[in-house]
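K.L.:
Sequence and predicted structure below; questions after.
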Amino acid sequence: ALAAAVAAPLALAACGGSAPDDRASGATTRQKTVTPAPRRVGDIRLTDVAGARPVRRALRARTGGVLVVFFGYASCPDVCPTTLARVASAVRRLGRDARRVEVALITVDPARDTPRVLAGYGRTWFTRGFVALRPATPGELARTERAFGAAHRRVPDGHGGHAIVHSAQVYAVDADGRVTTTWRAGAGVAALRAGLARLLDSDTSTGRGPA
């Protein structure tokens with residue numbers, strides 16, 4: 001499954017190298033437009049450790065909102081903080097609609113990403129709406145990655161430790177648990193903001209408001 005994911009357009013990003021930016025080239029960053037990804041992930045439940053008490057929650061947005069999902073880990077030196085900073089900036093630019101967006105980090109390094117680490121990590125960028133999801137087992141993480149078409153693998157860092165190469169796409173999930181949008185690795189703030197605004201406007205047009 002991992003080999004197939006590496007070969008697919010959802011390529012892996014090597015944390016520890018250069019973070020993708022708006023000028024990046026290559027198959028995964030050349031096209032940053034919003035693309036459809038008809039996947040269903042709403043039946044998956046993971047433990048959210050961002051609050052005072054861990055809770056199991058389904059991968060679904062609140063009614064009238066959008067759940068933004070990214071796979072990464074707290075000690076990632078570049079790709080993860082760069083991506084989350086862009087997402088945070090895009091959400092802030094939505095103005096009042098920002099309250100309708102939740103941002104979920106699904107850790108691919110649960111051994112090092114304890115609940116305390118993840119909760120503190122989210123507060124670096126988000127004052128509200130951050131969801132820190134920590135899979136309970138390797139199998140739970142693998143099933144979640146398969147549902148999104150994502151993947152990761154550990155690589156030695158040359159100092160007795162390891163880094164993690166992982167998918168760097170950003171996903172939008174609706175209230176029905178469907179992945180409605182995928183932004184390619186390296187998507188800029190403008191593309192993220194425009195895509196989120198489009199999704200929120202579409203939801204408003206159906207007559208569904210925020211919870």
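P.N.:
Good, I have the coordinates. Everything numeric in this text was worked out from a predicted model, so none of it was measured. Residues are numbered from 1 along each chain as shown.

K.L.:
in the longest helix along the chain, what's buried?
P.N.:
Of all the segments of type helix in the chain, defined by DSSP state H, the longest one is helix 189-205. Within helix 189-205, the residues scored as buried using 16 or more other C-beta atoms under 10 Å are 189, 191, 192, 193, 195, 196, 197, 199, 200, 203. Quick note: C-beta positions are derived from backbone N, CA and C, even for glycine.

K.L.:
okay if I get the residues you listed as a markdown table plus pLDDT?
P.N.:
A markdown table is the format used below for the buried residues of helix 189-205 (pLDDT from 0 to 100):
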| residue | pLDDT |
| --- | --- |
| 189 | 97 |
| 191 | 97 |
| 192 | 98 |
| 193 | 97 |
| 195 | 97 |
| 196 | 98 |
| 197 | 97 |
| 199 | 96 |
| 200 | 96 |
| 203 | 66 |
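
K.L.:
residue contacts, the most centrally placed residue in the chain?
P.N.:
For the chain, the residue nearest the mean C-alpha position is residue 70 (1.1 Å; C-alpha atoms, centre = their mean). For residue 70, the contact set (C-beta atoms under 8 Å, 6 or more residues apart in numbering) comprises 80, 83, 84, 87, 103, 104, 105, 106, 169, 170, 171.

K.L.:
Which ones among those map onto helices?
P.N.:
The helices, defined by DSSP H, take in 80, 83, 84, 87 from these.
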